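Novice: Could you work out the structure for the sequence below:
(4 chains)
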There are 4 protein chains.
Amino acid sequence: ISAGYITVDDIALPVREADSHKGDYGHVLVVGGSVGFSGAPIMAAKAAMRSGAGMVTAVVPYGIYNAAAASAQEVMIKPVTDDGVGRISAKALADILTLAQKADVMVIGPGMQVYDEIFCILRNIIDSIDIPIIVDADGLNAIAQQKDLLKNSKGNIILTPHPGEMSRLTGLPIGQIQCQRIDIARDFARQHNVVMVLKGAATVTACPSGWTYINSTGNAGMATAGSGDVLTGVIAAMACQYRCFDKASYIGAFIHGLAGDKAVENKGMHGLVAGDIIEMIPAAIKYIYNH
Amino acid sequence: ISAGYITVDDIALPVREADSHKGDYGHVLVVGGSVGFSGAPIMAAKAAMRSGAGMVTAVVPYGIYNAAAASAQEVMIKPVTDDGVGRISAKALADILTLAQKADVMVIGPGMQVYDEIFCILRNIIDSIDIPIIVDADGLNAIAQQKDLLKNSKGNIILTPHPGEMSRLTGLPIGQIQCQRIDIARDFARQHNVVMVLKGAATVTACPSGWTYINSTGNAGMATAGSGDVLTGVIAAMACQYRCFDKASYIGAFIHGLAGDKAVENKGMHGLVAGDIIEMIPAAIKYIYNH
Amino acid sequence: ISAGYITVDDIALPVREADSHKGDYGHVLVVGGSVGFSGAPIMAAKAAMRSGAGMVTAVVPYGIYNAAAASAQEVMIKPVTDDGVGRISAKALADILTLAQKADVMVIGPGMQVYDEIFCILRNIIDSIDIPIIVDADGLNAIAQQKDLLKNSKGNIILTPHPGEMSRLTGLPIGQIQCQRIDIARDFARQHNVVMVLKGAATVTACPSGWTYINSTGNAGMATAGSGDVLTGVIAAMACQYRCFDKASYIGAFIHGLAGDKAVENKGMHGLVAGDIIEMIPAAIKYIYNH
Amino acid sequence: ISAGYITVDDIALPVREADSHKGDYGHVLVVGGSVGFSGAPIMAAKAAMRSGAGMVTAVVPYGIYNAAAASAQEVMIKPVTDDGVGRISAKALADILTLAQKADVMVIGPGMQVYDEIFCILRNIIDSIDIPIIVDADGLNAIAQQKDLLKNSKGNIILTPHPGEMSRLTGLPIGQIQCQRIDIARDFARQHNVVMVLKGAATVTACPSGWTYINSTGNAGMATAGSGDVLTGVIAAMACQYRCFDKASYIGAFIHGLAGDKAVENKGMHGLVAGDIIEMIPAAIKYIYNH
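Specialist: Here you go, the predicted model:
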């Protein structure tokens, strides 16, 4: 089974037709955030807007509503019931499922924290929703604790762990994961019927089919808080535009890394922050599109 | 009856006299927003400021006051009673009508949602106010449900539907609307005595007189959340400066599209967001003014 | 009595010594804002920071605290008791007077509204404080209603009316004011022992001594909401640095106009907003300093 | 004992390895802020992010949570119990100590105010935490009042007073401190076993070993509110990356000054604000790194 190294020549971005409208480019629903971690879902949502999604709604607990709504004018911010300490309550499930009916892609996990109710929320979403679902951050940590969460999925799940999260998902030590990145990602993808985006230098995108893609963009300056949230947003927007899990994932990883490479030209590796990556997404996409 | 294709040669922007003051450039009142859709009225308000209105007040429900006021220092943000779930209450009508007495142009609809009280609010405003009123988004959806809302208007209404909203307004399928954009817009404009700005590629501005203008600016990168809110703000500012419904509408559409064309040069079609259009309005107006 | 036309050659900006600290450049206290008008004190405060004040504190009613504090990281935002509808309560007087003891210059008025308690607040401040006080906007409208507010002043008042506010202050029609700008400003300055900065094209700064200065900078693009708030901030910062009322006023007006001239180069007259003026203050000061 | 003059040739910034992750670059915990002083901890936190810390958490009292969380998407903002008037309560100690277990460096003091409970908070933190602690602003003022706060420290304290704060710490007049900056800083450092960063022109970094470093960057434009908060953030990030108190302190001072020098090129000395320094940190680090 081959593992392909992705370069700019492998990517054909969809053309935007003159008479298209925002509905043609999809609606991303980001579910995440908690008091203490309000920026994560916002960065994912902004990254999705910058990557060409037509519309983005962020579902956040009430406790961070004011902060979130003040941060992102183009994103629709929908507050839902929190659990009394600033995390999304399981009572918000009905609202989330209703919002998902109007969405084309869901991101879940950034900034949510791991707590009792996240298991209930994740289980219901995975069991009942068939649009692409990108699970990141605390969503991954929840799955690591209850692996059967993936059991009823409809083959519509993309996971985006960094090596630490992959270690928790697999029970393997980080060192082993880093030595066998391709094999371990591929095994997990097949076994659980998910697309596995294993982050880190040379991000590996492994698909249930066995096809595996190695990313060629990105740099160590992107080892900074929020960088992963940005990646989920990019993949979500690509999932809207390609309606193909594999392409959405490896092209998303490519764009994210290229945006980081462009950001590092200005900011250097030490000074780069996640917001810089978001701001360079348009330049990265333009470069690919015009290549 | 002619349908004119508008180019930069058709537009003469008003000169700003040295001894003028902000009152000479008009006061736009934007009524809109709700919890879940806080950005829409803010983007309309900022676009109006950037398009040369002297003053802009945004009337928003209390639930989004903090977010709105933190987002726009030059805009006066006036919170009014909400309905308990974050939408403008009909009890706010007296406040809105009082504020309208100091305004030159009103925008109503962005981010309001369609709910019982919007009908009461719209009916009272349309029946009693004679400054230009630009109805957009949920204001249009409300009219689609109760067409007699337009019945007592004073010939001071501009509607700015996209094809989906036009379909709801007319009961015609979107496909038919797109095939007969000019005729359908013109018929609606005459029948209801409104200026009809039918958005989409080559935006059509049809006036009750039968005069119809076809826009020559804009691009598919503008098919992104908030782009329509920006257009209403531009038209509102133009209505302040021209005090002519026709010109305000087709020149507003022209500036909006040109700002989008300038934004796409930097951001590309995929990466462009509505805020980029707002930021390029000054460059678009400068280009026209210096032409 | 002479009326001097101020040019860049008339201005020598104070040098910043290598071993100076922020206390050397003064502490501006801005008192203003209300629900509905939250941006005004923030724009004045930011303009003061950008004009070289060492520290700026903005005193605002609680109702706008969240919005104000989210808008300006370098400004210290101090919320005080409001009157129940979002305006500064007279009960906040003790706090304001305490804060004034640590300040070098006060601005009062932007966005306050005219209401019963403003008279009490203004009277106590004018009667008891001897640092320079710049009264603007609703502070001026309050004085127009109760002229004896100025009666116990210590010769430390700068007023910054636009012609409409000057009309309310003097009872003269705007047309007459504009025909006799110099004489009317000078008469008022002498009679009330204040520095009078009469805004509009060719801003007039008239001093109690009879000396009068005519400004040579600025443009019609500055006829936009918030422009006046920016001017008060610039004058306040200059009052910190010059400790001379006359110079602070006419140099402040010159810098404000020059910043507007620089902003208009980028944004054009229609597209310029007050925040652009703030951002160009450093360039304006640099130009003068290096002249 | 020598006192070295630090130049760019003395600094070797750590290389970022391709397979590193954000955890490798450390987690800074900033404890600070109060109602009235919400910007200080945010500026410190942003400066730490811009200086290459992998993650930054800011602990703030609930009263400023909304403002703080709306201001900084990459920073994790954790609200803790306040004392009823907007300052961090001593009841928040358990939360702070728990958060410190996941942190590599702590900053404490910016914007906290001096009040009864700060002594209890500082004492517990200094007595029980052994990661580097940078004490600034009101943290210093508290130590000045209760010098025995330093008595049980583990040799992990960096103090960053300006001359006024140094006067309060030592009881010496400011004039004497400025005449004997090196000797007084060195004596204090030895006596209290702390790294002493005495700010002002030619910032002195004195270490308990007696080694002393004189900074060669910076300018009088940096005498502006928030500049000191930025310095603490830079030093904290350097402490994460060097795990050496001396280097973190004098390199932090060097980068801070160089960022200010780069900011002054654009903004001039009068127009520079602290946020400009933050934005130029990446350029300063890039310059040093590429030297």
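Novice: Just the local confidence number for A:Arg243, please.
Specialist: Here, the pLDDT recorded for A:Arg243 equals 82.
Novice: Can you get me a residue count around it?
Specialist: When counting by other Cβ atoms under 10 Å in any protein chain shown, one arrives at 15 neighbours for A:Arg243. Yep, even glycine has a C-beta here, placed from its N, CA and C like the rest.
Novice: Quick check: it vs C:Ile118, distance?
Specialist: Taking Cβ to Cβ, to the nearest Å as the measure, A:Arg243 falls 60 Å from C:Ile118.
Novice: Could you list the low-pLDDT ranges of chain A?
Specialist: Within chain A, the stretches with pLDDT under 70 are A:1-2.
Novice: which residues in it form helices?
Specialist: Counting by DSSP state H, chain A has helices at residues A:39-50, A:65-71, A:93-100, A:116-128, A:138-145, A:163-170, A:174-179, A:181-192, A:227-242, A:245-271, A:274-290.
Novice: So which of those is nearest chain D?
Specialist: Comparing the helices of chain A against chain D with Cβ to the nearest Cβ, the closest turns out to be helix A:245-271 (2.5 Å).
Novice: Tell me the buried residues in that closest one?
Specialist: A:245-264, A:267-271 (16 or more other Cβ atoms under 10 Å in any protein chain shown).
Novice: State the distance from A:Gly139 to A:Gln145.
Specialist: Taken as Cβ to Cβ, the span from A:Gly139 to A:Gln145 is 11 Å.
Novice: Tell me which of these two has more neighbours.
Specialist: Comparing A:Gly139 with A:Gln145 by other Cβ under 10 Å, the one with more neighbours is A:Gly139, at 31 against 12.
Novice: from memory the more buried one sits against A:Arg123, does it?
Specialist: No. Assessed by Cβ atoms under 8 Å, A:Gly139 is found out of contact with A:Arg123, at 11.5 Å.
Novice: Give me every residue in chain A lying close to chain D.
Specialist: Residues of chain A lying close to chain D (Cβ under 8 Å from any Cβ of the partner chain) are A:35-39, A:42-43, A:64, A:66-67, A:70-71, A:162-164, A:178, A:200-201, A:219-221, A:223-227, A:266-275.
Novice: For chain C, what's its nearest residue on the stretch 51-200 of chain A.
Specialist: Residue of the stretch 51-200 of chain A nearest chain C, by Cβ to the nearest Cβ: A:Ala70 (5.7 Å).
Novice: partners of the strand ranked longest in chain A in the sheet?
Specialist: Counting by DSSP state E, the longest strand found in chain A is strand A:55-61. In the sheet, strand A:55-61 lines up against strand A:27-31 (parallel), strand A:76-80 (parallel) (DSSP bridges).
Novice: hmm, who's touching the last one?
Specialist: Contacts of strand A:76-80 with the rest of the structure, by Cβ atoms under 8 Å, 6 or more residues apart in numbering or on different chains, involve A:55-62, A:65, A:68-69, A:88-89, A:92, A:95-96, A:99, B:35-39, B:67, B:225.
Novice: can you check the first one too?
Specialist: Contacts made with strand A:27-31 from outside it, assessed by Cβ under 8 Å, 6+ apart, are listed as A:41, A:44-45, A:48, A:53-59, A:88, A:96, A:99-100, A:102-110, A:112, A:121, A:125, A:233, A:236-237, A:240.
Novice: Out of those residues, which end up buried?
Specialist: A:41, A:44-45, A:48, A:53-59, A:88, A:96, A:99-100, A:103-110, A:112, A:121, A:125, A:233, A:236-237, A:240.
Novice: Can you pull the residues of the stretch 151-291 of chain A lying near chain C?
Specialist: Counting by Cβ under 8 Å from any Cβ, the stretch 151-291 of chain A has no residue next to chain C.
Novice: Find the residue closest to the residue of the stretch 101-250 of chain A found nearest chain D in space, skipping its chain neighbours.
Specialist: Closest to chain D within the stretch 101-250 of chain A is A:Ala220: 3.7 Å, counting by Cβ to the nearest Cβ. Excluding the flanking residues, the one nearest A:Ala220 by Cβ to Cβ, 6 or more residues apart in numbering or on different chains is D:Arg16, at 3.7 Å.
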